[in-house]
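*Asks:* pasting the sequence and the predicted coordinates here, then a few questions.
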Amino acid sequence: MNSDASLITTLIERWRPETSTFHILFGEITIRLEDVVTLSGLAIDGDAVVVDIPDEEWSATCLRLLGRVPADLSSGVGVIRTVWLRDKFSHLPGNASPEVIEQFARAYALSLMGGALFPDRSGATVHLQYLLLIEDWQRARQFSWGATVLSYLYREMGRSALHITHSGTSLGGDLGGWVALLQLWVWERFPHLAARHLETRAHISEDASPRGLRWLPANTRQYGDQLF
């Protein structure tokens, strides 16, 4: 989903890290766990996401769980480029073994974490610590991914709000976290600012789950009344 830079900047300008709320004309409002599970379908029940850093080098972790290691990986940092994941894991061989299939599945999930759920402000890299969370698929199902996504987005909005305050400049693309979730939340809570519904998805009802499926990308939206 393409982000609406003007809308996102307007929101972040009104974000108060000390209360984790947006200050707007009629009071304070914020994204809740209920919004996360309703819009995205991510689980909000379960264990906290905590990473146990392994004793082995990051290169060894990458080789063990993905089956290959990027040439530019710095084992001390443990960060890889998302473009490398797309290049190396785009096409699953037809005769792939169960082990290779699992490696491709991990690569896809890791790309999703670095590109959507937990992106940094560049959106170009992802830390291998997230790979450890999906080493065991059964264990991965027990985590509260929705709560983690929301707390990460809270932190990134706080950082960006401070940047705007101190620099006096607009946000632009300088926001980490799942920006699409923030945008969907605005559209859902304030429909007059939202995009039109997808014509090809007209069959999706108001009770569809997750509700985020119902919305168009930001670059095809129609503007409504002013909220802020």
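*Replies:* Yes, it's here.
*Asks:* quick one, phi/psi of Ile29?
*Replies:* Dihedral pair for Ile29: phi -150, psi 150, per degrees, to the nearest 10.
*Asks:* confidence score at the closest residue to it other than its chain neighbours?
*Replies:* Leaving aside its sequence neighbours, Ile29 sits nearest to Phe22 (CB to CB, 6 or more residues apart in numbering; 5.4 Å). C-beta here means a position set from N, CA and C on the backbone, and glycine is covered the same way. Looking at Phe22, its pLDDT reads 94.
*Asks:* again, but for the one 3 residues further on
*Replies:* At Leu25, the pLDDT value in this model is 87.
*Asks:* okay, now it: neighbour count?
*Replies:* Neighbour count of Leu25, defined by other CB atoms under 10 Å: 8.
*Asks:* can you give me the buried ones in the host helix or strand of the residue nearest to Ile29?
*Replies:* Following DSSP states H and E, one finds Phe22 within strand 21-24. If you call a residue buried by 16 or more other CB atoms under 10 Å, then strand 21-24 has these buried ones: Phe22.
*Asks:* now do it: distance to the chain's middle.
*Replies:* Remark: strand 21-24 is offset 22 Å from the chain centroid, using CA atoms, centre = their mean, to the nearest Å.
*Asks:* for Val126, see how far away the residue nearest in space to the middle of the chain is.
*Replies:* Central residue check for the chain by CA atoms, centre = their mean: the C-alpha nearest the mean position is that of Leu117, 2.0 Å away. Here the criterion is CB to CB, to the nearest Å. By it, Leu117 lies 10 Å from Val126.
*Asks:* immediately after the lengthiest helix in the chain, which helix or strand?
*Replies:* Longest helix of the chain, by residue count under DSSP state H: helix 145-167. Note on helix 145-167: by DSSP H and E, the next helix or strand toward the C-terminus is helix 179-189.
*Asks:* now that next one: average pLDDT?
*Replies:* Mean pLDDT, helix 179-189: 90.
*Asks:* if I look at the closest residue to Trp84 other than its chain neighbours, how far off is Cys62?
*Replies:* Spatial nearest neighbour of Trp84, chain neighbours left out: Pro70 (4.8 Å); criterion: CB to CB, 6+ apart. Per CB to CB, Pro70 is found 8 Å from Cys62.
*Asks:* my guess is Arg68 contacts Lys88. True?
*Replies:* Yes - at 6.3 Å, Arg68 and Lys88 qualify as touching, with contact defined as CB atoms under 8 Å.
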